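**Student:** Please find the sequence and the predicted model below.
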Amino acid sequence: MTMRDHEVTAGRPASIAWLVAVRRRLAGRGFAAVLTLATALGAAAGLLSVAFWNAIAALDAALNYYLASGLDRALPMPAGLQWRVFLPALGAGLAALAAMYVFRTPARLGVASVMLDARQQWGQIPFRYVPATFVNSVLTIGSGGSAGREAPVVAIGGGLGAWVARWLRASPNQRRLLVGCGAAAAIAAAFNAPLAGVFFALEVVLGEWSAATLSPVMLAAVAGTVVCQAAEGNVSAGHFRVPAYELVAWWEVGLYVGLGVVAGLGGVLFRRSTELAERFFNSLPWQGWWRASLGGLGVGILGLLLPGILGNGQETTAAACLGELPQQLLLALAAGKIIATALTLGSGGWGGDFAPTLFVGAMLGGAYGRGLEAVLGHAMAGAGAYAMVGMGGVLAAVVRCPATAVLLLFEMTSSYQVILPIMVCVATATFVARRFDVLGLYHHQLRALGGPVDDARPGDGLEEVAVRALMRPVEVTLDERASLSEALTAMAETGQHVVPVVGVNGECGSVLRLADLRAILAGTERGLPVVAADLGVECPLVTPSTPVREAAEHLVGGWDELVVVASEADRWPCGLVARRDVLRATIRRCSPPSELGADSDANLG
């Protein structure tokens, strides 16, 4: 601990002083701290994933082998019915009650919510959603509800990352990055596929690719995978196990174009069925646990006819990939899974739709392969090979994550030969799905939540303009030894979004934001003698010569305003640049001169 740490923690209890010192060191004073946090977060997400899967397996065994079987022996039902038909309704109802009265979470936390938090809210997921997602998803899936285990662990990992970022009072960019790290570790652990986890976080959750983002996400994915392998063994880790893929003849690659068409249409049907079920259940007069139980009862009845659609469905998926199922059963299972998933999630059940898309893809791919077998015989690969590739095709069509789908199948099969077929299938499936709708399932949900669904960024067209053309003077600064009351007064008397916190030499070491003061006032440190040095967070380095386009990258990463320092060596605050300034300059640069006047370019220097 440095002398400065001793000064700002003097007079506090030893345990609190130690936590404050640790937080100061980890709160983003360098890229090494971000990498350390990403690795630790990935390991924690991996542990939670393992616990989540084991809890589902334990509940499934308890309900089916003890409760349902015991009731069948003690109170046999007429007409060959079994008590397990009521298990999905029981689990969905209990999950709805727990959400309302125990965790007070009105809606489930899904992948779209994590995307919104990473792209716009920057680490604001309440921590109670982590245990709520864990418990309620276990109740839903463990009782037979047709939902996936992968999306809940993404939500758990993202929520954990948001909580860690808030505890550290990290910068907005670091907050969104930690949310993405938690999601990457969750997918990597779920499939024993670290590359797929990385690209899922970049392609779906964060929606951006950069070197600064890639390194922490990769370490988090590796940590999550290693923890899962250590807990369950390298062979059993991943839970979705498929055989090795084999391409029999080169001309067979062309057959996967047809599979891509089938997968694309299947993905469109899957998404629209879920949306139709949501509208239906929302129109019913019964809400809460009544609605969830009704959907669960429908799943239970359907499960009597097709038991393979219940729960996560990984055993049935593996059987399709091994080529063990006939064509008629494959088609029936695909249709049944689409309906069962729509009933589960549309009625408000907790769980994800990631694994169901893989299930539907395996069934459709296997049925397509069976049809080809009837025509071509043994001149081609078996139906199981097409089932494996179909998984990636439907996933890409529903979620619009082509890179993730390709890498996921490559890592699951451990076969390089799958690359060409899966690329052809994924590209075709994505093209077909986009003919019906440009947005994927998660992006539709993200738009419904009010989040951004595109990658448009301010600052386009301003690559040659420097920050000095837009910056405004600094009105208020704050000494690092200022008290909490002085910080509140300074924030109340200025229109600045950020206030530079300066040391004795006048250099800006951190900045103070209103959001950080709110967190302090609402948290456990309200009565502690905090000073401005405790409240400040690191601000991205911006100088007068920094291109506006580079500053805009930080502004869309969560900052409303940036402090401009004189130079990298001399960090005294000389100006401010806000998001509105960049947006106004972008509009001026991109609008026709006739609309802005002859001197519009002169305003940009």
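**Tutor:** Thanks, I have it. Because the structure is a prediction, the values reported are computed rather than measured.

**Student:** Go through the longest helix belonging to the chain and flag the buried ones.
**Tutor:** The single longest helix within the chain, with elements called by DSSP state H, is helix 31-61. Within helix 31-61, the residues that count as buried by 16 or more other Cβ atoms under 10 Å are 33-35, 37-50, 52-53, 55-56, 59-60. (Each C-beta comes from the backbone N, C-alpha and C, glycine too.)

**Student:** What of stretch 100-114?
**Tutor:** Judged by neighbour count (16+ other Cβ under 10 Å), stretch 100-114 contains these buried residues: 103, 105, 108-114.

**Student:** and what of stretch 560-572?
**Tutor:** Quick answer for stretch 560-572 (16+ other Cβ under 10 Å): 561-565, 571.

**Student:** Columns secondary structure and pLDDT on top of those residues, output as TSV?
**Tutor:** Listed next are the buried residues of stretch 560-572 as TSV, based on DSSP: H, G, I helix; E, B strand; the rest coil; pLDDT from 0 to 100:
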residue	secondary structure	pLDDT
Glu561	strand	83
Leu562	strand	85
Val563	strand	86
Val564	strand	87
Val565	strand	87
Arg571	coil	82
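
**Student:** Relative to Val467, which of the residues you listed is nearest.
**Tutor:** Proximity of the buried residues of stretch 560-572 to Val467 (Cβ to Cβ) peaks at Val564, which lies at 5.8 Å.

**Student:** Excluding chain neighbours, what is closest to that closest one?
**Tutor:** Using Cβ to Cβ, 6 or more residues apart in numbering and skipping the chain neighbours, the partner closest in space to Val564 is Gly575 (3.9 Å).

**Student:** So which residues make contact with whichever strand or helix holds that neighbour?
**Tutor:** In the assignment (DSSP states H and E), Gly575 maps to strand 573-578. Applying Cβ atoms under 8 Å, 6 or more residues apart in numbering, the contact partners of strand 573-578 are 467-468, 470-474, 477, 496-498, 500, 502, 508, 542, 544, 548, 551, 555, 560-566.

**Student:** what's the domain layout of the protein?
**Tutor:** Domain segmentation of the chain under automatic domain parsing yields 28-143+150-232, 250-448, 467-604.

**Student:** quick one: Leu94 and Val138 touch, right?
**Tutor:** No - the pair Leu94 / Val138 is not scored as a contact, 10.2 Å apart, by Cβ atoms under 8 Å.

**Student:** Look at those two and report which has more neighbours.
**Tutor:** Ranked by neighbour count (other Cβ atoms under 10 Å), Leu94 and Val138 place Val138 first, with 26 against 19.

**Student:** Spatially nearest residue to that one, not counting backbone neighbours?
**Tutor:** Ala55 (4.7 Å).

**Student:** now do Gly254
**Tutor:** Nearest residue to Gly254, sequence neighbours excluded (Cβ to Cβ, 6+ apart): Val424, at 7.8 Å.

**Student:** where's that neighbour, which helix or strand?
**Tutor:** Counting by DSSP H and E, Val424 is part of helix 419-436.

**Student:** Which other helices and strands does that helix contact?
**Tutor:** helix 255-282, helix 383-399, helix 402-413 (3 or more Cβ pairs under 8 Å, 6 or more residues apart in numbering; DSSP states H and E).

**Student:** Could you dump those helices into JSON lines with mean pLDDT and distance to Pro131 added?
**Tutor:** Converted to JSON lines, those look like this (pLDDT from 0 to 100; distance: least, Cβ to Cβ, whole Å):
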{"stretch": "helix 255-282", "mean pLDDT": "91", "distance to Pro131": "25"}
{"stretch": "helix 383-399", "mean pLDDT": "90", "distance to Pro131": "26"}
{"stretch": "helix 402-413", "mean pLDDT": "86", "distance to Pro131": "28"}
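
**Student:** which one of the ones you listed is the most hemmed in?
**Tutor:** Ranked by mean neighbour count, those are led by helix 383-399 with a mean of 31 (mean count of other Cβ atoms under 10 Å).

**Student:** quick check: angle from it to helix 419-436?
**Tutor:** 40 degrees (axes from the mean of the first three to the mean of the last three Cα atoms, to 10 degrees).

**Student:** could I have helix 383-399 exported to CSV, CA atoms only?
**Tutor:** The C-alpha trace of helix 383-399 is given here as CSV (Å, rounded to 0.1, in the frame of the first residue of the first chain):
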residue,chain,number,x,y,z
ALA,A,383,-27.5,-38.2,-41.3
GLY,A,384,-25.7,-37.5,-38.0
ALA,A,385,-23.2,-35.3,-39.8
TYR,A,386,-26.0,-33.2,-41.2
ALA,A,387,-27.6,-33.0,-37.8
MET,A,388,-24.4,-31.5,-36.4
VAL,A,389,-24.1,-28.9,-39.1
GLY,A,390,-27.8,-28.1,-38.8
MET,A,391,-27.2,-27.1,-35.2
GLY,A,392,-25.0,-24.2,-36.3
GLY,A,393,-27.3,-23.3,-39.1
VAL,A,394,-30.4,-22.7,-37.0
LEU,A,395,-28.3,-21.0,-34.3
ALA,A,396,-27.0,-18.5,-36.9
ALA,A,397,-30.4,-17.9,-38.4
VAL,A,398,-32.0,-17.2,-35.0
VAL,A,399,-29.3,-15.3,-33.2
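
**Student:** That one vs helix 255-282, what angle?
**Tutor:** 50 degrees.

**Student:** What pLDDT is listed against the nearest residue to Trp350 once chain neighbours are set aside?
**Tutor:** Of all residues not flanking Trp350 in the chain, Asn136 sits nearest, at 3.9 Å (Cβ to Cβ, 6+ apart). On pLDDT, Asn136 comes in at 91.

**Student:** Need the contact partners of stretch 475-486.
**Tutor:** 487, 490, 493-496, 499-503, 508-510, 512, 517, 520, 529-533, 535-536, 573.

**Student:** now the residues you listed: which count as buried?
**Tutor:** Buried members of these, scored by 16+ other Cβ under 10 Å, are 487, 490, 496, 499-502, 508-510, 512, 520, 530-533, 535-536, 573.

**Student:** isn't Val582 right next to Val548, touching?
**Tutor:** Yes - with contacts counted by Cβ under 8 Å, Val582 reaches Val548, the gap being 6.0 Å.

**Student:** quick one, which of the two is more surrounded?
**Tutor:** With neighbours defined as other Cβ under 10 Å, Val582 and Val548 compare such that Val548 has more, 29 against 24.

**Student:** Return the distance of the more buried one relative to Val261.
**Tutor:** Distance, Val548 to Val261, by Cβ to Cβ, to the nearest Å: 45 Å.
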